[in-house]
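Trainee: next come a sequence and a model predicted from it.
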Amino acid sequence: ASTPATMAHRCRRGASNPSLTVQVSHRRAPGPLNLLVDSTGIKFLGDGEWLARKHGTHRRRQYRKVHLAMDTATGDIRAVESTSSREGDSPALPDLLNQIPADEQIGTVTGDGAFDTRRCHTAILHRGGTAVIPIRRNGRLWKEDCPAARARNDILRATRRFGRANWKHWSGYHVRSRIEAKMRCLKSFGERIASRDPDRQTAEVHIRVALMNRFNALGTAEIERLA
């Protein structure tokens with residue numbers, strides 16, 4: 001059944017105009033919540049670029065970064081963050097996890113090597129989850145001064161012992177391709193966002209996510225392998 005998500009973005013359109021609230025619904029499957037996390041860049045026309053275009057000069061288009069967390073069981077987006085293009089992926093993960101209700105158990109959080117940081121492993125473990133994050137190519141053992149470091153080092157030891165490809169297969173890491181497909185769905189609404197104000201840009205992203213979850217709830221294709 002659909003339940004109202006905690007993602008409710010309020011956008012101010014001016015002192016004399018009412019706020020815009022975007023409520024994103026999602027379905028909640030039984031059992032622990034297994035999340036896939038990723039990010040993508042969305043183009044937007046900044047104020048400086050708008051003035052440059054108005055006066056006939058050319059400037060490079062700017063980007064905002066959209067971070068998503070998807071439920072593997074339902075395919076719904078459960079959390080979304082918008083940051084500047086200068087922000088990395090790892091700083092956004094704790095904010096994504098904070099959008100998940102505290103009473104909802106998190107099973108696994110799967111992301112690429114960009115999330116192989118102390119901040120991310122600590123945030124995941126704090127929510128009782130298990131990180132499915134490959135170690136960076138030049139990754140070394142961390143000083144085991146906290147549970148998060150020990151959990152991360154276990155991944156590194158398993159990778160060294162069994163091989164990177166075997167660890168990905170054993171851990172189920174390849175399911176991450178589903179969030180990459182969801183990013184393409186996000187961009188199917190357009191390669192850029194129209195608003196120039198940051199609050200309105202975030203609201204526009206939330207509207208896209210709300211539509212994606214709504215379309216997803218209507219039904220998804222079932223794929224069967226033929227011999």
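Mentor: That came through fine.
Trainee: so which bits of the top strand by length along the chain are buried?
Mentor: Using DSSP state E, we find that the single longest strand of the chain is strand 33-44. Neighbour-count burial for strand 33-44, counted by 16 or more other CB atoms under 10 Å, picks out 33-40, 42, 44. Using the backbone N, CA and C atoms, a C-beta is placed for each residue, glycine as well.
Trainee: can I get these in JSON lines with pLDDT and distance to Ser188?
Mentor: Listed next are the buried residues of strand 33-44 as JSON lines, based on pLDDT from 0 to 100; distance: CB to CB, whole Å:
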{"residue": "Leu33", "pLDDT": "96", "distance to Ser188": "25"}
{"residue": "Asn34", "pLDDT": "97", "distance to Ser188": "25"}
{"residue": "Leu35", "pLDDT": "97", "distance to Ser188": "22"}
{"residue": "Leu36", "pLDDT": "97", "distance to Ser188": "18"}
{"residue": "Val37", "pLDDT": "97", "distance to Ser188": "20"}
{"residue": "Asp38", "pLDDT": "96", "distance to Ser188": "16"}
{"residue": "Ser39", "pLDDT": "94", "distance to Ser188": "17"}
{"residue": "Thr40", "pLDDT": "91", "distance to Ser188": "12"}
{"residue": "Ile42", "pLDDT": "87", "distance to Ser188": "12"}
{"residue": "Phe44", "pLDDT": "77", "distance to Ser188": "17"}
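Trainee: ok, so of those, who is nearest Asn153?
Mentor: Asn153 lies nearest to Val37 out of the buried residues of strand 33-44, by CB to CB, at 21.2 Å.
Trainee: could you list the paired strands of the one helix or strand Ala79 maps to along with their orientation?
Mentor: Take DSSP states H and E as the rule and Ala79 turns out to sit in strand 77-84. Applying DSSP bridges, strand 77-84 is found paired with strand 62-71 (antiparallel).
Trainee: the partner strand: how far from the chain's middle?
Mentor: In terms of CA atoms, centre = their mean, to the nearest Å, the gap separating the centre of strand 62-71 from the centre of its chain is 5 Å.
Trainee: where does pLDDT dip in the chain?
Mentor: For the chain, applying pLDDT under 70 flags the ranges 1-20, 45-61, 220-225, 227.
Trainee: list the contacts of Arg136.
Mentor: Residues near Arg136 by CB atoms under 8 Å, 6 or more residues apart in numbering: 113, 116.
Trainee: SS state for it?
Mentor: coil (DSSP: H, G, I helix; E, B strand; the rest coil).
Trainee: same check on Leu125?
Mentor: Assignment for Leu125 (three-state DSSP): helix.
Trainee: ok, and the closest non-adjacent residue to it?
Mentor: Of all residues not flanking Leu125 in the chain, Ala148 sits nearest, at 4.8 Å (CB to CB, 6 or more residues apart in numbering).
Trainee: count the neighbours of Ser188 for me.
Mentor: Counted by other CB atoms under 10 Å, the residues lying close to Ser188 total 10.
Trainee: and the gap between it and His206?
Mentor: Distance of Ser188 to His206, given as CB to CB, to the nearest Å: 16 Å.
Trainee: same question for Pro94.
Mentor: 19 Å.
Trainee: which one's more surrounded, those two?
Mentor: Taking neighbours as other CB under 10 Å, Pro94 and His206 compare with His206 leading, 23 against 16.
Trainee: the helix or strand where the more buried one lies vs strand 33-44, what angle?
Mentor: Using DSSP H and E, His206 sits in helix 198-217. Inter-element angle recorded for helix 198-217 and strand 33-44: 130 degrees (by axes from the mean of the first three to the mean of the last three CA atoms, to 10 degrees).
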